[in-house]
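A.B. asks: Please find the sequence and the predicted model below.
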Amino acid sequence: MLNCGGNEECRESDGYICDGDSTCFPSGGGGGGGGQGASPGVPVGETVADFSLTNCGTGEQVSMRDYFAGQKAAMFVLTAGWCGACAQWVPQVVDLTNNPDAAGLKAVFVLGENGSRARPSQRECQQYAAGHGVAPENMFMDHDGTDSFRTVFGNMMLYTDGNGAFGLPWNAIVNPADWEYIYSDGGPGGDLNAALTRLLQ
């Protein structure tokens with residue numbers, strides 16, 4: 001079920017609730033890590049295990065460690081087809097990755113839902129990439145048929161506000177050298193620019 005009418009329709013045992021837009025999303029009370037963490041993923045400061053996402057260009061599973069191999073900074077940008085703020089942010093990140101001053105930065109753009117808040121198809125993902133200036137090989141999908149961003153948040157802790165909510169676009173930074181989780185929106189300490197500066201020096 002893509003949409004929900006109550007928490008009982010989501011995977012409560014895994015920390016998911018039915019949020020304000022009737023979609024199952026991780027909640028602030030979910031498993032993993034303590035603090036504000038809302039998912040089983042490791043917290044900022046810990047090592048992220050390798051995981052794979054479905055590439056929009058090829059439809060194949062791609063290891064994130066392989067995807068970011070040889071880079072100085074790995075940036076995760078989570079987005080959705082209905083997200084207006086994402087439509088403005090994604091092209092800015094594309095421009096940043098093309099800036100010589102940010103050499104060594106690579107981003108992965110992860111589409112969790114289409115414009116109807118449902119699981120995106122490969123074609124919808126390709127169209128989203130084309131419409132936002134993202135190369136197909138840099139665009140991925142993460143939706144398990146029930147929940148969006150299940151794979152990402154299963155490996156990287158989601159930090160939420162006091163109501164258990166988080167916003168899109170969602171950004172995170174990982175050090176590809178050792179896969180330390182450096183930064184998360186809403187996470188402890190630091191900011192996005194500081195994390196990038198630290199890794200790109």
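C.D. replies: Looks like it came in fine.

A.B. asks: How about the most centrally placed residue in the chain: what's its closest non-neighbour residue?
C.D. replies: In the chain, the C-alpha nearest the mean C-alpha coordinate belongs to Leu78, at 3.6 Å (Cα atoms, centre = their mean). Spatial nearest neighbour of Leu78, excluding adjacent residues (Cβ to Cβ, 6 or more residues apart in numbering): Trp170 at 4.1 Å. From N, CA and C alone the C-beta is placed, and that goes for glycine too.

A.B. asks: try Ala69
C.D. replies: Pro176 (6.9 Å).

A.B. asks: how near is the one you found to Gly81?
C.D. replies: 28 Å (Cβ to Cβ, to the nearest Å).

A.B. asks: The nearest residue to Arg150 once chain neighbours are set aside: neighbour count?
C.D. replies: Nearest residue to Arg150, sequence neighbours excluded (Cβ to Cβ, 6+ apart): Asp144, at 4.4 Å. When neighbours are defined as other Cβ atoms under 10 Å, Asp144 has 12 of them.

A.B. asks: With Ser116 instead?
C.D. replies: When neighbours are counted by other Cβ under 10 Å, Ser116 registers 12.

A.B. asks: cool, and Gly59?
C.D. replies: 11.

A.B. asks: Cys125 is in contact with that one, correct?
C.D. replies: No - in this structure Gly59 lies outside contact range of Cys125 using Cβ atoms under 8 Å: 9.3 Å.

A.B. asks: Alright, I will stop here.
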